[in-house]
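Asks: here are the coordinates; sequence isn't available:
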């Protein structure tokens, strides 16, 4: 992806509008810190703030490791994990990561495509 300037807060708000089952939308920088975004109002977090830090660290590490295969396979469009209690989707934006968490019954066949449309618009 290019070094285009993105309005991360605007992207996160647009992601919330895509599906009412989205619980969280945020952007994590290369230092593994949340720089934009939030938890959906009136939604109980599934993890603690300390767990969030670990999740962000692990997410940043995984995305860096995936770049090792960009030359052979091309860059990652998105990564998704389907868990019992949530679906997590990550999209690289420049050197940062858009991280979206939804309810487990969200349409994971459509949701990543809608998120990519927002990022690329």
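Replies: Cool, got the structure. On a predicted model such as this, the values are computed, not experimentally measured, just so you know.
Asks: which secondary structure element contains residue 99?
Replies: strand 96-102 (DSSP states H and E).
Asks: Check which element follows that strand along the chain.
Replies: helix 111-120.
Asks: the bottom helix or strand of the protein by mean pLDDT?
Replies: helix 49-66 (a mean of 88; mean pLDDT, DSSP states H and E).
Asks: how close does the residue most central in space within the chain sit to residue 119?
Replies: With distances taken as Cα atoms, centre = their mean, residue 99 lies nearest the centre of the chain, 1.6 Å away. Counting by Cβ to Cβ, to the nearest Å, the separation of residue 99 from residue 119 is 12 Å. For every residue, glycine as well, the C-beta is placed using N, CA and C.
Asks: looking at this structure, which residue lies furthest from center?
Replies: When each C-alpha in the chain is compared with the mean C-alpha position (Cα atoms, centre = their mean), residue 72 comes out farthest, at 23.7 Å.
Asks: For it, give me its contacts.
Replies: Residue 72 makes contact with no residue under the criterion Cβ atoms under 8 Å, 6 or more residues apart in numbering.
Asks: Now do the helix or strand harbouring it, average pLDDT.
Replies: Using DSSP H and E, residue 72 sits in helix 70-73. Helix 70-73 carries an average pLDDT of 94.
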